[in-house]
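Trainee: The sequence and its predicted three-dimensional model are supplied below.
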Amino acid sequence: MSTAIKFENISKQYRLGLVSTQTLSHDLNRWWQTSIRGKEDPYLKIGDVNDRAKKAESDYIWALRDINFEVQQGDVLGIIGKNGAGKSTLLKILSKVTAPTTGTIKARGRIASLLEVGTGFHPEMTGRENIFMNGAIMGMTKAEISRKFDEIVDFSGVERYIDTPAKRYSSGMTVRLGFAIAAHLDPEILVVDEVLAVGDAEFQKKAIGKMQDISKGEGRTVLFVSHNMAAISSLTTKSVCLANGSLTKIGTTQDVVNFYLNETISKIGDFIAPINPLKPCFIKVSVITSESFSIHRNGLDLIIDFEVNMPDIIEGMGVSFQIFSENEIPIIYGYLFDTKTTILRKKGINKLRCTLPNCKLYQGRYYLKVHLAESRGKNKFEEIDKICQFEVIMLGETIEWGWQKNVCIYTEDCSWTEINL
């Protein structure tokens with residue numbers, strides 16, 4: 001299998017607060033050092049790591065630093081990382097939207113890119129005109145574009161608006177047509193950033209199916225950036241992880257996703273709080289998943305542990321929880337009242353375990369919201385939101401792309417037990 005893309009020592013430096021890094025004094029200094037004295041560009045020796053959370057000590061930052069890896073022809077490569085990690089910058093360099101500060105990229109074949117909503121579109125031109133313009137930019141003849149035209153329009157689903165200026169398109173319509181153009185004009189390399197998140201569920205399913213056809217059926221190369229680990233896992237076989245502009249992991253998607261989740265979600269971990277001596281309170285909440293690094297395999301038992309401190313015995317106490325999707329949709333609701341058990345009838349720390357048998361959730365990220373109150377609603381002692389994040393994922397398995405319904409499932413069959421301390 002031949003190499004489709006080779007990244008060699010790719011670095012990208014920006015100067016904070018300015019549109020360009022160039023000033024007359026800097027240009028003169030560069031010219032003096034590089035052309036007259038024959039030395040290295042002095043501005044490549046300075047610059048901070050691109051960490052959004054820290055105050056910069058230099059006006060220069062490295063959006064990317066020394067990126068080296070290869071992509072083989074026919075690979076579907078996932079690119080993951082936090083916001084600001086350098087993912088989009090890397091794709092912009094590959095797509096020649098911007099130039100690297102140092103290094104080179106060697107790409108074999110025609111590249112089609114969908115980096116953000118409206119990429120490559122002229123707002124005053126109609127959808128029809130934009131299709132022909134994009135094809136011409138990619139080096140295709142008018143006859144070649146015409147052969148693909150009907151297929152592009154049908155896939156995008158915007159036939160009624162094809163002769164309307166693109167400036168009147170919604171963001172969803174723009175993404176639909178943009179992806180259809182990029183995917184159907186026979187690119188050897190297809191580059192797709194997070195823009196698919198703008199489309200609806202039907203279009204996302206269709207787009208992911210098209211990318212799978214492009215890679216598996218046609219042997220073309222796809223680079224796919226997403227924050228959705230379910231999409232990355234179901235679509236890609238190899239992935240890279242970026243952090244603060246540096247390449248931190250490259251390998252199989254399973255290994256890279258596990259590494260990424262270990263570096264991000266697992267840091268959130270258990271909810272832990274000090275004891276409040278004046279009222280009932282949660283002092284620890286944990287989600288015990290089937291796999292390591294807060295990953296749960298769909299269909300296996302999911303366990304949630306609670307530690308509740310009771311300064312005094314209060315009759316009618318209740319513990320409840322909700323599992324929310326990353327889209328803040330409530331998926332599962334579970335509860336326990338002490339009217340049916342002796343749980344929470346002990347002064348001091350009470351440790352409870354809730355088991356959700358054969359817990360079935362779509363792939364994606366979830367978190368907990370927990371409540372501690374009297375069952376009759378007289379007093380609500382605590383309500384804690386967005387804790388104990390975990391990931392439901394089926395690595396290496398093909399699944400039907402789906403979305404959570406906007407409904408909360410009441411779990412009557414969950415079992416509660418008391419754990420002896």
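Mentor: Noted; the coordinates are in hand. Since this is a predicted model, take the numbers as computed values, not measurements.

Trainee: what's around Ser88, how many residues?
Mentor: For Ser88, the neighbour count with other CB atoms under 10 Å is 18. Bear in mind the C-beta positions are built from the backbone N, C-alpha and C, glycine included.

Trainee: Hmm, it is touching Leu223, no?
Mentor: No - counting by CB atoms under 8 Å, Ser88 sits too far from Leu223 to count as a contact (11.5 Å).

Trainee: beta partners for the residue nearest to Glu382 when sequence neighbours are not counted?
Mentor: Once flanking residues are discounted, Glu382 sits nearest to Leu372: 4.3 Å by CB to CB, 6 or more residues apart in numbering. Taking DSSP bridges as the rule, Leu372 bridges to Val319, Glu382.

Trainee: Ile349 too?
Mentor: Beta bridges link Ile349 to Asn309, judged by DSSP bridges.

Trainee: Quick check: it touching Lys284?
Mentor: No - using CB under 8 Å, Ile349 makes no contact with Lys284, being 9.2 Å away.

Trainee: what do those two both touch?
Mentor: Contact criterion CB atoms under 8 Å, 6 or more residues apart in numbering; residues shared by Ile349 and Lys284: Glu307.

Trainee: what's near enough to touch the closest residue to Lys167 other than its chain neighbours?
Mentor: Counting by CB to CB, 6+ apart, Pro123 is the residue found nearest to Lys167 once chain neighbours are left out, at 3.6 Å. Residues in contact with Pro123, defined by CB under 8 Å, 6+ apart, are Pro165, Ala166, Lys167.

Trainee: secondary structure class for the nearest residue to Gly364 once chain neighbours are set aside?
Mentor: Distance criterion CB to CB, 6+ apart; nearest residue to Gly364, sequence neighbours excluded, is Ala230 at 5.2 Å. Of the three states, Ala230 takes helix under DSSP: H, G, I helix; E, B strand; the rest coil.

Trainee: does Ala230 really touch Tyr366, like I thought?
Mentor: No - with contact defined as CB under 8 Å, Ala230 does not reach Tyr366; the gap is 11.3 Å.

Trainee: joint contacts of those two?
Mentor: Shared contacts of Ala230 and Tyr366, defined by CB under 8 Å, 6+ apart, comprise Val392.

Trainee: what about Tyr366, which helix or strand?
Mentor: In this structure, Tyr366 sits in strand 364-374 according to DSSP states H and E.

Trainee: Helix or strand: which one has the closest residue to Tyr367 other than its chain neighbours?
Mentor: Closest residue in space to Tyr367, ignoring its immediate chain neighbours: Gln389 at 4.6 Å, by CB to CB, 6+ apart. In this structure, Gln389 is located in strand 380-392 according to DSSP H and E.

Trainee: and that strand, what does it pack onto?
Mentor: With contacts taken as 3 or more CB pairs under 8 Å, 6 or more residues apart in numbering; DSSP states H and E, strand 380-392 sits against helix 265-268, strand 271-272, strand 281-288, strand 295-296, strand 364-374.

Trainee: can you count the residues close to the residue nearest to Glu382?
Mentor: Residues lying near Leu372 (other CB under 10 Å) number 23.

Trainee: mind listing what it touches?
Mentor: By CB under 8 Å, 6+ apart, the contact list for Leu372 reads Pro280, Cys281, Phe282, Val308, Met317, Gly318, Val319, Lys380, Phe381, Glu382, Glu383.
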